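Chemist: show me how the following folds:
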Amino acid sequence: MTKETTSFVYVTYIRSTPDKVFAAITKPEIARRYWGHENVSDWKPGSKWEHVRANEERTVQIVGKVIEVSPPTRLVITWANPSQASDPSASSRVTFEIEEYEDMVRLTVTHDELAAGSAMANGIKKGWPVVLASLKSLLETGQGLDVFAKPKSA
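Modeler: Alright, predicted model coming up:
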(Lines give C-alpha, C1' and ligand atoms only; values in the text may rest on other atoms or scores of the structure.)
Protein backbone atom coordinates (compact mmCIF):
# COMPACT_ATOMS: atom_id res chain seq x y z
CA MET A 1 0.00 0.00 0.00
CA THR A 2 1.35 3.41 -0.93
CA LYS A 3 1.03 6.28 1.45
CA GLU A 4 -1.05 9.27 0.44
CA THR A 5 1.12 12.32 -0.16
CA THR A 6 0.54 16.01 -0.47
CA SER A 7 2.56 18.99 -1.63
CA PHE A 8 2.90 22.67 -0.85
CA VAL A 9 3.91 25.31 -3.41
CA TYR A 10 4.78 28.90 -2.56
CA VAL A 11 5.70 31.56 -5.13
CA THR A 12 7.07 34.97 -4.23
CA TYR A 13 8.70 37.81 -6.12
CA ILE A 14 11.81 39.42 -4.65
CA ARG A 15 13.56 42.56 -5.81
CA SER A 16 16.98 40.91 -5.94
CA THR A 17 19.18 38.78 -8.17
CA PRO A 18 19.26 34.99 -8.61
CA ASP A 19 22.78 34.89 -7.13
CA LYS A 20 21.69 36.70 -3.96
CA VAL A 21 18.59 34.52 -3.50
CA PHE A 22 20.59 31.32 -4.01
CA ALA A 23 23.25 32.53 -1.56
CA ALA A 24 20.57 33.38 1.01
CA ILE A 25 19.30 29.80 0.90
CA THR A 26 22.70 28.06 0.94
CA LYS A 27 25.00 30.29 3.02
CA PRO A 28 24.59 29.75 6.78
CA GLU A 29 25.57 33.33 7.70
CA ILE A 30 22.76 34.71 5.53
CA ALA A 31 20.09 32.08 6.33
CA ARG A 32 20.40 32.73 10.07
CA ARG A 33 19.44 36.39 9.48
CA TYR A 34 15.99 35.59 8.06
CA TRP A 35 15.34 31.99 9.16
CA GLY A 36 16.88 31.71 12.62
CA HIS A 37 18.55 28.55 11.28
CA GLU A 38 21.59 27.79 9.17
CA ASN A 39 21.54 25.48 6.18
CA VAL A 40 24.85 23.65 6.36
CA SER A 41 26.29 21.58 3.50
CA ASP A 42 28.94 21.61 0.81
CA TRP A 43 25.96 21.70 -1.63
CA LYS A 44 27.18 18.91 -3.88
CA PRO A 45 24.77 16.26 -5.20
CA GLY A 46 24.68 13.32 -2.77
CA SER A 47 26.01 15.36 0.16
CA LYS A 48 24.11 15.65 3.41
CA TRP A 49 22.72 18.96 4.60
CA GLU A 50 21.53 20.04 8.04
CA HIS A 51 19.11 22.73 9.16
CA VAL A 52 20.71 23.93 12.41
CA ARG A 53 19.03 26.25 14.92
CA ALA A 54 21.15 29.42 15.12
CA ASN A 55 21.24 29.71 18.92
CA GLU A 56 23.44 28.53 21.78
CA GLU A 57 22.18 24.93 21.59
CA ARG A 58 22.74 24.64 17.80
CA THR A 59 20.29 21.74 17.54
CA VAL A 60 19.84 20.04 14.20
CA GLN A 61 16.15 20.48 13.34
CA ILE A 62 15.97 18.94 9.84
CA VAL A 63 18.34 16.76 7.82
CA GLY A 64 18.51 15.57 4.26
CA LYS A 65 20.55 15.04 1.15
CA VAL A 66 21.34 17.32 -1.75
CA ILE A 67 19.66 15.83 -4.83
CA GLU A 68 20.36 18.49 -7.46
CA VAL A 69 22.18 21.81 -7.45
CA SER A 70 22.40 24.27 -10.35
CA PRO A 71 23.47 27.66 -8.96
CA PRO A 72 21.88 30.13 -9.04
CA THR A 73 18.63 28.75 -10.49
CA ARG A 74 17.77 25.42 -8.84
CA LEU A 75 18.30 23.43 -5.66
CA VAL A 76 16.59 20.15 -4.75
CA ILE A 77 17.00 18.57 -1.30
CA THR A 78 15.36 15.89 0.79
CA TRP A 79 13.86 16.93 4.13
CA ALA A 80 13.32 14.81 7.25
CA ASN A 81 13.23 14.95 11.02
CA PRO A 82 16.61 13.76 12.36
CA SER A 83 14.90 10.88 14.21
CA GLN A 84 13.55 9.57 10.88
CA ALA A 85 16.62 10.22 8.71
CA SER A 86 17.38 6.52 8.21
CA ASP A 87 13.89 5.84 6.78
CA PRO A 88 13.72 7.04 3.15
CA SER A 89 9.91 6.86 3.20
CA ALA A 90 9.88 9.52 5.95
CA SER A 91 11.66 12.07 3.77
CA SER A 92 9.98 14.73 1.72
CA ARG A 93 11.53 16.85 -1.02
CA VAL A 94 12.04 20.59 -1.39
CA THR A 95 12.74 22.25 -4.73
CA PHE A 96 13.85 25.87 -4.94
CA GLU A 97 13.44 27.35 -8.43
CA ILE A 98 14.92 30.81 -8.92
CA GLU A 99 14.05 32.66 -12.10
CA GLU A 100 14.98 36.14 -13.28
CA TYR A 101 11.82 38.12 -13.82
CA GLU A 102 12.60 41.59 -15.24
CA ASP A 103 14.29 43.49 -12.34
CA MET A 104 13.38 40.87 -9.75
CA VAL A 105 13.39 37.16 -9.03
CA ARG A 106 10.49 34.73 -8.98
CA LEU A 107 11.22 32.17 -6.27
CA THR A 108 9.09 29.03 -6.34
CA VAL A 109 9.43 26.64 -3.42
CA THR A 110 7.78 23.26 -3.89
CA HIS A 111 7.73 20.96 -0.87
CA ASP A 112 6.35 17.61 -2.00
CA GLU A 113 6.32 13.92 -1.15
CA LEU A 114 4.86 14.89 2.25
CA ALA A 115 2.78 12.30 4.10
CA ALA A 116 -0.77 13.66 3.90
CA GLY A 117 -2.07 14.85 7.28
CA SER A 118 1.34 14.47 8.95
CA ALA A 119 2.73 16.93 11.49
CA MET A 120 5.42 17.82 8.95
CA ALA A 121 2.84 18.61 6.24
CA ASN A 122 0.84 20.75 8.66
CA GLY A 123 3.94 22.49 10.00
CA ILE A 124 5.42 23.50 6.68
CA LYS A 125 2.14 25.15 5.61
CA LYS A 126 2.69 27.62 8.44
CA GLY A 127 6.47 27.71 8.27
CA TRP A 128 7.27 28.33 4.62
CA PRO A 129 5.16 31.52 4.23
CA VAL A 130 6.83 33.31 7.17
CA VAL A 131 10.32 32.09 6.25
CA LEU A 132 9.96 33.22 2.64
CA ALA A 133 8.43 36.55 3.66
CA SER A 134 11.44 37.04 5.93
CA LEU A 135 13.84 36.13 3.10
CA LYS A 136 12.13 38.69 0.86
CA SER A 137 12.29 41.33 3.60
CA LEU A 138 15.99 40.68 4.26
CA LEU A 139 16.99 40.90 0.61
CA GLU A 140 14.87 43.99 -0.07
CA THR A 141 15.39 45.95 3.17
CA GLY A 142 18.39 44.39 4.88
CA GLN A 143 16.30 43.13 7.80
CA GLY A 144 14.50 39.80 8.17
CA LEU A 145 11.28 39.23 10.11
CA ASP A 146 10.91 37.50 13.47
CA VAL A 147 10.04 34.02 12.21
CA PHE A 148 9.38 32.89 15.79
CA ALA A 149 6.72 35.56 16.44
CA LYS A 150 3.36 34.33 17.74
CA PRO A 151 -0.06 35.83 16.98
CA LYS A 152 -1.31 38.37 19.51
CA SER A 153 -4.29 37.07 21.44
CA ALA A 154 -7.58 38.85 20.79
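
Chemist: would you map the strands across the chain?
Modeler: Ranges of strands in the chain, per DSSP state E, are 5-14, 37-40, 48-53, 60-70, 74-79, 92-101, 104-115.

Chemist: how far off strand 5-14 does the lengthiest helix in the chain point, in degrees?
Modeler: Of all segments of type helix in the chain, defined using DSSP state H, the longest is helix 119-141. Angle between the axes of helix 119-141 and strand 5-14 is 10 degrees (criterion: axes from the mean of the first three to the mean of the last three Cα atoms, to 10 degrees).

Chemist: could you number the chain from 10 rather than 1 from now on?
Modeler: Right, with 10 as the first residue, what we last looked at is helix 128-150.

Chemist: where in the chain is pLDDT low?
Modeler: For the chain, applying pLDDT under 70 flags the ranges 10-11, 163.

Chemist: look up phi and psi at the closest residue to R41 other than its chain neighbours.
Modeler: Of all residues not flanking R41 in the chain, A63 sits nearest, at 3.8 Å (Cβ to Cβ, 6 or more residues apart in numbering). Every C-beta, even on glycine, is put in place using the N, C-alpha and C of the backbone. Dihedral pair for A63: phi -90, psi 70, per degrees, to the nearest 10.

Chemist: do you know how far A63 is from G151?
Modeler: Counting by Cβ to Cβ, to the nearest Å, the separation of A63 from G151 is 18 Å.

Chemist: and those two? Which one has more around it.
Modeler: A63 (15 against 8; other Cβ atoms under 10 Å).

Chemist: mind listing what that one touches?
Modeler: 37, 40-41, 44-47 (Cβ atoms under 8 Å, 6 or more residues apart in numbering).

Chemist: if you set the cut-off to 10 Å instead, what comes out?
Modeler: 37-38, 40-42, 44-47 (Cβ atoms under 10 Å, 6 or more residues apart in numbering).

Chemist: which phi and psi values does G151 adopt?
Modeler: Taking degrees, to the nearest 10 as the convention, G151 sits at phi 90, psi 0.

Chemist: so it sits right up against I39, yeah?
Modeler: No - in this structure, G151 is not within contact of I39 by Cβ atoms under 10 Å, at 11.5 Å.
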